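S.K.: Let me see the structure of the following:
(4 chains, ligands or ions: 4)
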Amino acid sequence: MTPPPEDRIGLYRFMLITRDVEERLGILAKQGKLKGGLYRCLGQEAIGVGSAYAMGENDVFGPGIRELGAFFVRGYAPRLVIMQYMAKGGGPTAGRETNVHFGELHPDGRGLISPISMLGSMVSVCTGVALAQRYRGLDAVTVAHTGDGAMSTGQFYEGFNLACVQRLPLVVIGSNNGWAYGTPTNRQFRARDLAARAAGYGCPVMQVDGNDVEAVWAATREAREICLRGQGPVFVEALTMRMVGHAAHDDAKYVSREMLEAWRARDPLALQRQRLLDEGVATQADLAAMEDEVQAMVLAEAEAALAAPEPDPATVIGGVYHGEPSPLAVAGYPWTHGEAAPDGWFRQDAATVESRVRAPFDDTGLWNPEVVPYAPVRAAVEDER
Amino acid sequence: MTPPPEDRIGLYRFMLITRDVEERLGILAKQGKLKGGLYRCLGQEAIGVGSAYAMGENDVFGPGIRELGAFFVRGYAPRLVIMQYMAKGGGPTAGRETNVHFGELHPDGRGLISPISMLGSMVSVCTGVALAQRYRGLDAVTVAHTGDGAMSTGQFYEGFNLACVQRLPLVVIGSNNGWAYGTPTNRQFRARDLAARAAGYGCPVMQVDGNDVEAVWAATREAREICLRGQGPVFVEALTMRMVGHAAHDDAKYVSREMLEAWRARDPLALQRQRLLDEGVATQADLAAMEDEVQAMVLAEAEAALAAPEPDPATVIGGVYHGEPSPLAVAGYPWTHGEAAPDGWFRQDAATVESRVRAPFDDTGLWNPEVVPYAPVRAAVEDER
Amino acid sequence: MSGLTYLEAVREALREELERDRRVFLIGEDLGAYGGAFKITQGFQERYGMHRVVDTPISELGIVGAAVGAALMGLRPVAEMQFMDFVSCAFDPLVNWAAKCRYRWGKGVPLVVRGPAGGGTTGGPFHGQNVESYFANVAGLKLVSAATARDAKGLLKAAIRDEDPVLFFEYKALYRRPDLREEMPPGDHVVPLGLADVKREGRDLTVVTWGTTLHPCLEAARRLERDGVSVEVVDLRTLVPWDRETVVTSARKTAKVLVAHEAPTLGGFGGEVAAAIQEEAFEWLDAPVRRLGAPSTPIPFAPSLEQAFLPDAARIEAALRDLHAY
Amino acid sequence: MSGLTYLEAVREALREELERDRRVFLIGEDLGAYGGAFKITQGFQERYGMHRVVDTPISELGIVGAAVGAALMGLRPVAEMQFMDFVSCAFDPLVNWAAKCRYRWGKGVPLVVRGPAGGGTTGGPFHGQNVESYFANVAGLKLVSAATARDAKGLLKAAIRDEDPVLFFEYKALYRRPDLREEMPPGDHVVPLGLADVKREGRDLTVVTWGTTLHPCLEAARRLERDGVSVEVVDLRTLVPWDRETVVTSARKTAKVLVAHEAPTLGGFGGEVAAAIQEEAFEWLDAPVRRLGAPSTPIPFAPSLEQAFLPDAARIEAALRDLHAY
Ligand SMILES: Cc1ncc(C[n+]2csc(CCOP(=O)(O)OP(=O)(O)O)c2C)c(N)n1
Ligand SMILES: Cc1ncc(C[n+]2csc(CCOP(=O)(O)OP(=O)(O)O)c2C)c(N)n1
Ligand SMILES: [Mg+2]
Ligand SMILES: [Mg+2]
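M.R.: Ligands and ions are numbered 1, 2, ... in the order given. Predicted coordinates:
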């Protein structure tokens, strides 16, 4: 599956925005204008951008720390990201939250879930989001991200297992970037890769080159369709490499130069740029113009962010419980829980949804002595010898 | 691998003790003499007995709720179990703990870990036990039990994954008995069985007929040897069926009669008894005599338990922190932590242990772009269609 | 005796809320075919279907994580812990997702985590704990504790309708007590969160309590009455946010207060209540605010030990007499 | 300035205990090649090897579960939480295994879970929490909080030698503060658990505190001294079991007490302390025991908000002046 030409250029453009914004953030960090840590996705831009681009308009996205690109694809202005990193009062969380910990949810079910730090938890929360999509009869899926390290957590496991048993419309994209902070994957899990690890869940599993934005796009689209057919969830492993330290303070000395060199040759922006030229989708001049335009746009966005006001210390309180004034409610989140569900909120009747839920259990036989294979299965043992 | 003749009889004998004790407990429960719930392993006796019997003397055993048989194999008198169920002061926990929540640990490293209720946690605790075995240079393994349901927990997952990465000498035996309380396995996980589920950990996996006590014995022995060679952990799925409700209060109406009938024909005691006769290991008379002897012994043990004193209410406090008087310390647990490790406590020098720890990491390549298989892996997807 | 048991009141609350609002659904272990470990949801799955009564793997983390996601999407999940002890396994998503989403993101997470708590049924160290204090310092959660059948129904209905995450503590020792049967008020019986209830008025002493301990407190009050000592019994009902006004008013009236609860005294929520009372009623108090809870040990199994562990009417009576004599 | 920073003191404690006792080992995330998120264990794995400095997957549950098993087997695991906030993910094995094994089974579980807690470094809602109160009601655990470099070293060494499970709270805001550099006492510097420390003597008022908040308390005391008001500053150091005697003695002496800590006031450990003080010093008190903590919200990110959230010297000073005027 290849995206239409304008999307192939669009994919490149969003990766470009992502990289430019991060570079701008890097400069602002050096100038001491950011608060907290700066977490980059250098070298991994294809995953956030490709997967978000492949989504349906009504899908829900659950990002990790390295899916900044998805925010731009989903329509956020760079200035919001920059204001958030600067802890500005005008930012999307009014200075309450860090880095990419923001998002949106609309009454029609669309959304982007604001992540929290506890790794793995996004997947169990997105299991609930996907459950709600089915419950409400929405024809939509949830795309949740995890890192190789985050996948070691019990929250990942319990959430994803529940999604598998329930056959929920959930696509989990696992970015295998070789490292979790300073710990290499071989101290994170023993299976060959995340795909092998995910096989035990009993759901469809795919593996994709995470530095090829069109491949990520195609895999996400296919995974999405499997989910819409009721065969989800799908686990997609995206193979990539974290090209900088975990965060700005980490010089990543524990990564070998050779490893970095090998991956540098596979930079996702360079790969896509070359492909657009090679396949005649865009000319050198087109791309150069776009690059200038993006650079100027990001600069202007940064200026706007810099000019934004600091949070008012009085806003430290409020908005913990419903009904308390909150700087966030003022910022215009439309999502409130009324006493009754609005008309059309449930898109399918309860019986239709019920039959969808029942199906996976109806067609699965219960445990039964006939199927006991009495000979020990030793394949894995042989492998080890 | 077949056990020597006396052990084949021994395996039968311990299953017999287990069943007789449970039947006695059932009678005592009906008489209102037990406190709390009664959790039986009817139909699953082969797993606790076979796996405990296969262990080395210095190994550590981590039971679940249905491995009562292991307590007898490890030398506990039935009266201790009965006193525990009766909440007697003379019981192994002086009335503080329920059902099989007791155990022992010796300074030389042998032991049986007293389980707690939180499912899955025994596996992560036993990961630490196995880590300590290697750390201390003991040539021993840990055998931990889990149910199909307990295996859904994050504690199982995080613990077992850590054991796999560290290649610890841990055998995990998963009893797939079709049910977790009232929930069938197809709502517990989506993979075909626990073996398929465990494959994702990247460790050796076996599957065994859990109603065949000699097969359980043989699998545990083999798994143990794999662990002693440094290739552990090993996951062993034992296929079986819970032949009664979850506990005495559960009539298990949710289980079909056919399912029970099919499994009743495969009763582990009957199977082993018949095998002993068929293969001429024992005569009808031998076995009948043994059955009488066990029955009388269990009855006498129950009498002794009934006569034991109730706990003194004053013992409700104490023994929470080190140095406080405790009814348990008095009961004679020898294990205390001195200021320095006694001579011979570490069985191998630190360098030997260090090299064992380093080995699995030294021979595993780090993530590297050459090994990226760019074609999506679709096997699981095809399966689904 | 007529009326509903505590357990039946919980069941009725769940059923009425399922009927009232299609956004409400139940999620937990063994809820469906088995009807829940205490049979509270017996027959529910047949009636409401598998998507409104969701059986899960043994995954408290997964259950609560999924409940958070569903709540964010506008549903109203009611998650069951088979025993409240197991909420320890679901701790992180409660304190970090559910509690903080509104503050940090403006999104409410209207979910309820409910289940049986407390001792008195020889459940032993892992089936008898009172775990409310795990959560007392976590801004964003509400903690509710129901001690009677009427309150169980009315508070649970309020919890399900609440816009914020609620931990709802039921008491297995009360579930089937025949003497706690009560007629339910007619109609839509909802007891607002955040209001304490003076379960018995008195002049000489106040005892502030909640949960199972309410009943031995009432018993102790009856015993003291025989000697002409009048005890006011305040049932807190909601622990967070708690009803300072009612409690402080009572403290100022009687000038002598005991706080009694089933969890160990040290580090228990009684500390918060006692500290606040003396802060706000210092000038009125004729004696220090006393606390009576369990000793600082796990809860033991044997009936004789459990009895020695739990605050009972005799110990409460003694503490009140002692306070009266101060 | 000479002496060790707080962070260096922690490092030295770990190193000395690794040297002293082969049963001691470290386990956690990124401890090895990376040297820990705060570089406390830099170079340790090279020196002590991979079996004494164990890198784990991202698995707080697994880390603590494994630490429990290893402790049962006679080792002395010291587990690191990269940030103490993440102890929420390891909650169950701490409260149900580690805390209860001795009581229910007679086996000690001598482990330490340590890591950086607290705010003041713009860590935001998930990297700045004070979570001690999660555990305060759980019998069997010890809770330790170190506010100075000397105490960090001495208490950590004591925690590692302790026979019971200890949660050891360090403070990232103090790790590298140059003004907290201190010379370590010579030799084997061990500070026994369970003893508070009067960090400053005074006559007129007492402030009881722990952790990062000690420092603004000392600052406030200095400011009040200029006006002739003498403030005694008691650093609790161990929260469970806490040193009632020292605290009550001080309360009886000054008759006016403020309890100040960084966590939100509501449900914080200050409630326990205030409740106990008024129980035991009622006759001596000239004013209610007051509490000063953070508001009941998550900890926000922006410096201006975080500053408004955390109790600082100005707010503590105001509270003390108010109490003095009572
Ligand atoms: C439960 C939990 N433990 C520890 C951390 C600290 N931490 C933040 S990011 C990180 C590494 C994440 O690795 P991975 O999931 O592979 O994502 P990557 O950084 O490679 O994108 C760690 C350990 C955390 N955020 N949550
Ligand atoms: C964390 C946790 N959640 C729930 C329970 C309640 N519970 C006790 S046993 C059980 C079912 C266990 O099923 P399985 O692991 O398959 O073991 P089996 O009973 O079949 O031997 C449940 C849900 C528990 N003990 N721990
Ligand atoms: Mg990674
Ligand atoms: Mg089972």
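
S.K.: Residue C:239 belongs to a helix?
M.R.: No - under DSSP: H, G, I helix; E, B strand; the rest coil, residue C:239 falls outside any helix and is assigned strand.

S.K.: Is it correct that it is in contact with residue C:136?
M.R.: Yes - using C-beta atoms under 8 Å, residue C:239 makes contact with residue C:136 at a distance of 6.7 Å. To be clear about C-beta, it is placed using only N, CA and C from the backbone, and glycine gets the same treatment.

S.K.: which residues are common contacts for those two?
M.R.: C:143, C:269 (C-beta atoms under 8 Å, 6 or more residues apart in numbering or on different chains).

S.K.: for the residue of the stretch 201-350 of chain A found nearest ligand 4, what are its contacts?
M.R.: Taking C-beta to the ion, ligand 4 has its nearest neighbour within the stretch 201-350 of chain A at residue A:202, 17.3 Å off. Neighbouring residues of residue A:202 by C-beta under 8 Å, 6+ apart: A:164, B:189, B:190, B:191, B:192, B:196, B:197.

S.K.: And residue A:230, by the same measure?
M.R.: Residue A:230 neighbours (C-beta under 8 Å, 6+ apart): A:167, A:169, A:356, A:359, A:360.

S.K.: Most neighbours among these, please name it.
M.R.: Highest neighbour count within those: residue A:169, with 31 neighbours (other C-beta atoms under 10 Å in any protein chain shown).

S.K.: Show the contacting residues for that one.
M.R.: A:130, A:133, A:134, A:140, A:141, A:142, A:227, A:228, A:230, A:232, A:233.

S.K.: Next step: the residues you listed restricted to strands.
M.R.: Among the contacts of residue A:169, DSSP state E puts residue A:142 in strands.

S.K.: which residues in the chain form helices?
M.R.: In the absence of a named chain, chain A is used. A:5-30, A:45-53, A:68-73, A:78-85, A:121-135, A:154-166, A:194-199, A:213-228, A:257-264, A:268-278, A:284-307, A:327-330, A:350-362, A:379-384 (DSSP state H).

S.K.: Not quite, go with chain C.
M.R.: According to DSSP H, the helices that chain C contains are C:6-20, C:44-48, C:60-72, C:91-92, C:101-105, C:149-161, C:172-175, C:214-226, C:244-254, C:269-281, C:303-309, C:313-324.

S.K.: and the shortest one, does that touch chain D?
M.R.: Yes - part of helix C:91-92 sits near chain D under the criterion C-beta under 8 Å from any C-beta of the partner chain, namely C:91, C:92.

S.K.: just the last one next, same as before
M.R.: No - for helix C:313-324 and chain D, the contact criterion (C-beta under 8 Å from any C-beta) is not met; the two come no nearer than 11.1 Å.

S.K.: Show me what that helix is packed against.
M.R.: strand C:205-209, helix C:214-226, strand C:257-264, strand C:290-294 (3 or more C-beta pairs under 8 Å, 6 or more residues apart in numbering or on different chains; DSSP states H and E).

S.K.: repeat that with 10 Å
M.R.: Helices and strands touching helix C:313-324, by 3 or more C-beta pairs under 10 Å, 6 or more residues apart in numbering or on different chains; DSSP states H and E, are strand C:205-209, helix C:214-226, strand C:231-235, strand C:257-264, strand C:290-294.

S.K.: what do you get for the shortest one?
M.R.: The contact analysis (3+ C-beta pairs under 10 Å, 6+ apart) places helix C:91-92 against helix C:60-72, helix D:91-92.

S.K.: For ligand 1, give me its nearest residue in chain C.
M.R.: Residue nearest to ligand 1 within chain C: residue C:92 (7.8 Å; C-beta to the nearest ligand atom).

S.K.: In contact with that residue, which residues?
M.R.: Listed by C-beta atoms under 10 Å, 6 or more residues apart in numbering or on different chains, the contact set of residue C:92 reads A:116, A:118, A:120-121, A:124, A:153-155, B:154, C:61, C:64-65, C:98, D:60-61, D:85-92.

S.K.: Apply 6 Å and report the result again.
M.R.: A:118, D:88, D:89 (C-beta atoms under 6 Å, 6 or more residues apart in numbering or on different chains).

S.K.: from those, which single one is nearest chain B?
M.R.: residue D:89 (8.8 Å; C-beta to the nearest C-beta).

S.K.: what's the spacing between the closest residue to ligand 3 within chain C and residue C:153?
M.R.: Nearest to ligand 3 in chain C, going by C-beta to the ion, is residue C:92, at a distance of 20.3 Å. Per C-beta to C-beta, to the nearest Å, residue C:92 is found 31 Å from residue C:153.

S.K.: coming back round to it: what about the helices and strands packed on helix C:91-92, which gets the closest to residue D:320?
M.R.: helix D:91-92 (35.3 Å; C-beta to C-beta).

S.K.: Near chain D, which residues of the stretch 151-300 of chain C are found?
M.R.: Contact residues (C-beta under 6 Å from any C-beta of the partner chain) of the stretch 151-300 of chain C with chain D: C:263-264, C:267-268, C:271-272, C:274-275, C:278-279, C:282, C:288, C:296-298.

S.K.: coming back round to it: ok, which of the helices and strands packed on helix C:313-324 comes nearest residue A:39?
M.R.: Here strand C:257-264 is closest among the helices and strands packed on helix C:313-324 (C-beta to C-beta), at 40.5 Å.

S.K.: which residues are contacting that closest one?
M.R.: Outside strand C:257-264, the residues touching it (C-beta under 6 Å, 6+ apart) are C:118, C:130, C:206-209, C:211-213, C:217, C:251, C:268, C:270, C:273-274, C:277, C:289-294, C:296, C:311, C:316, C:319-320, C:323, D:137, D:139.

S.K.: can you pull the contacts of residue C:9?
M.R.: By C-beta under 6 Å, 6+ apart, the contact set of residue C:9 is C:149, C:152, C:153.

S.K.: Using CSV, lay out those residues together with distance to residue A:211, pLDDT and neighbour count.
M.R.: Below are these laid out as CSV (distance: C-beta to C-beta, whole Å; pLDDT from 0 to 100; neighbours: other C-beta atoms under 10 Å in any protein chain shown):
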residue, distance to residue A:211, pLDDT, neighbour count
C:149, 62, 98, 25
C:152, 57, 98, 33
C:153, 58, 98, 27
